[in-house]
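> coordinates only, sequence not included:
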């Protein structure tokens, strides 16, 4: 599986939101600047994630987007799925019994794909948050960083 730009930007945006004090609302522009994501594209992704219930929008002068759930309740699989990313990437080819070697390879890749899918649904924004903070602390950096 290759993480596309769409999936990568979506995860970066939600991780950015998880880093905000009390998960308060953040403008699209602020996220776009910090994460180097084109703002119009980011807005489209956030709308898709809002429809999926991962973020909510707040109107007003201090409005923007914020997480709709705690980071521990949002998995990477949910984020990718919300923006239409396909987690399954195996070819829809089923070898015949005469193709035993192909069958073994096919079965192996099928099992690996299932494990990858399980992992993506078990890794949460909270996990990434703590990984990012640990990495940041090891570098002796401030609390603000680009994902």
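Arrived safely, thanks for sending. Since the model is a prediction, treat every value here as computed from it, not as a measurement.

> Tell me which stretches of the protein form helices.
For the chain, applying DSSP state H gives helices covering 5-18, 28-35, 39-51, 76-82, 100-122, 125-139.

> Same list (these) but as TSV, adding mean neighbour count.
C-beta coordinates here come from the backbone N, C-alpha and C atoms, glycine included. Formatted as TSV, the helices of the chain follow (neighbours: other Cβ atoms under 10 Å):
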stretch	mean neighbour count
helix 5-18	21
helix 28-35	17
helix 39-51	17
helix 76-82	21
helix 100-122	12
helix 125-139	14
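
> For residue 68, which of the ones you listed is the nearest?
Of all the helices of the chain, helix 39-51 sits nearest to residue 68, with 7.7 Å by Cβ to Cβ.

> Let me know the distance separating the spatially most central residue of the chain from residue 108.
For the chain, residue 11 is the residue whose C-alpha lies nearest the centre (Cα atoms, centre = their mean; 3.0 Å). According to Cβ to Cβ, to the nearest Å, residue 11 and residue 108 sit 27 Å apart.

> And residue 59, how far from residue 20?
Counting by Cβ to Cβ, the gap between residue 59 and residue 20 amounts to 17 Å.

> More neighbours: the two, which one.
Higher neighbour count among residue 59 and residue 20: residue 20, with 16 against 8, using other Cβ atoms under 10 Å.

> Pull up the per-residue confidence for the more buried one.
Per-residue pLDDT puts residue 20 at 82.

> So it is in contact with residue 66, correct?
Yes: with contact defined as Cβ atoms under 8 Å, residue 20 reaches residue 66; the gap is 7.2 Å.
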